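Peer 1: quick one: sequence plus predicted model below, questions after.
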Amino acid sequence: MSDYFDRLTRQRGTIQDDPPQPPEPSGVESNAAMSAETDQYTASNLKHAAQELLKFGLLEAHRKPNLYQVAITQTSAVNRILEPFDLRLKVDDVRGLAFLVVSEQLFRDGSDSDDEWTHPLVRRQRLNMEQSLLIAILRQHFIAHEQEAGLGAGDAMVELEELLPQLQLYLGDTGSDARDQKRLRSLLENLKNHGIVSDIDGNDQVIIRPIITHLANPENLRNLLQHFRKLVNNT
């Protein structure tokens, strides 16, 4: 016959073997937790617009109208996504452009003055002397097109035969038409990767993209000149 201490020992063993389980959350609590977690996700259209901007650096209204619309109507939300990368969105609604620039906050925080030039976006856009020269030539053609057809007019088309003598004027004639053509086509192919021109079509023509007005605007050229002057003074 078991005494009181035997019964007490058996009760303690039962408690240790089967500890009490926490109560299951009610349906309302479970749904609230799931809702809070879901609220942290970025809307898919906003996510796609930000991804496209980070990949290519710009959105054009006539090429990606839906993503462009998201960018210009939800600019603040896009900028919140871009903020950790020291980037912000700039919109040129006249030309149908939404593109990335380095945030001014990077410099207001007292960062080194060279940070603008070491930023990944700027490094990706850096061009050599021949590419920069061709951009300057293309920009003249684009500005002339807008003056004639109106600000924001698309389809600024230029023929390779128009560009070739202008490029030869500054870079010199190699003595071979085939070599000069190859040099021009190679430069245009590089600029196409920056979104500045289209592919060369079957009629040896290219379309100059509107982003050229911002990549080669007077402010950027002035900043570039000041940067080179600093480098010269430091040598």
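Peer 2: All right, it came through fine.
Peer 1: burial count for the nearest residue to residue 183 once chain neighbours are set aside?
Peer 2: Distances taken as C-beta to C-beta, 6 or more residues apart in numbering place residue 174 nearest to residue 183, at 7.2 Å, with adjacent residues excluded. C-beta: built from backbone N, CA, C; applies to glycine. Residue 174: 13 surrounding residues under other C-beta atoms under 10 Å.
Peer 1: just the one 3 residues further on next, same as before
Peer 2: By other C-beta under 10 Å, the residues close to residue 177 number 10.
Peer 1: how much space is there between it and residue 156?
Peer 2: For residue 177, the distance to residue 156 (C-beta to C-beta, to the nearest Å) stands at 26 Å.
Peer 1: can you check residue 182 too?
Peer 2: Per C-beta to C-beta, residue 182 is found 24 Å from residue 156.
Peer 1: so for these two, which sits in the more crowded spot?
Peer 2: The neighbour comparison of residue 182 against residue 156 (other C-beta under 10 Å) goes to residue 156, with 21 against 12.
Peer 1: residues touching the more buried one, list them.
Peer 2: For residue 156, the set of contacting residues under the criterion of C-beta atoms under 8 Å, 6 or more residues apart in numbering consists of 141, 142, 145, 146, 207, 208, 210.
Peer 1: and what of residue 131?
Peer 2: Contacts of residue 131 (C-beta under 8 Å, 6+ apart): 187, 190, 191.
Peer 1: just give me the neighbour total for the closest residue to residue 143 other than its chain neighbours.
Peer 2: Once its chain neighbours are removed from consideration, residue 143 has its nearest residue in residue 213; the separation is 7.7 Å (C-beta to C-beta, 6+ apart). For residue 213, the number of neighbouring residues by other C-beta under 10 Å comes to 18.
Peer 1: in whichever strand or helix holds residue 192, which residues are buried?
Peer 2: Assigning secondary structure by DSSP states H and E places residue 192 in helix 177-193. Neighbour-count burial for helix 177-193, counted by 16 or more other C-beta atoms under 10 Å, picks out 180, 183, 184, 187, 188, 190, 191.
Peer 1: other SSEs contacting that helix?
Peer 2: On a contact count with 3 or more C-beta pairs under 8 Å, 6 or more residues apart in numbering; DSSP states H and E, helix 177-193 meets helix 129-149, helix 160-171.
Peer 1: quick one: residue 63 and residue 214, what's the gap?
Peer 2: According to C-beta to C-beta, residue 63 stands 16 Å off from residue 214.
Peer 1: comparing the two, which residue is more hemmed in?
Peer 2: Between residue 63 and residue 214, counted using other C-beta under 10 Å, the more crowded position is residue 214 (16 against 13).
Peer 1: I figured that one hits residue 94, correct?
Peer 2: No - under the criterion of C-beta atoms under 8 Å, residue 214 is not in contact with residue 94, lying 11.8 Å apart.
Peer 1: still on that earlier bit, and which of the contacts of residue 131 is nearest to residue 42?
Peer 2: residue 191 (32.5 Å; C-beta to C-beta).
Peer 1: what bridges to the nearest residue to the closest one once chain neighbours are set aside?
Peer 2: Once flanking residues are discounted, residue 191 sits nearest to residue 197: 5.0 Å by C-beta to C-beta, 6+ apart. For residue 197, the beta-bridge assignment (DSSP bridges) gives partners residue 208.
Peer 1: and residue 197, how many neighbours?
Peer 2: By the other C-beta under 10 Å criterion, the neighbourhood of residue 197 contains 24 residues.
Peer 1: contacting residues for it?
Peer 2: Contacts of residue 197 were listed using C-beta under 8 Å, 6+ apart, and they are 138, 188, 191, 206, 207, 208, 209.
Peer 1: same question, residue 94
Peer 2: Applying C-beta under 8 Å, 6+ apart, one finds that residue 94 lies in contact with 151, 152.
Peer 1: perfect, that will be all.
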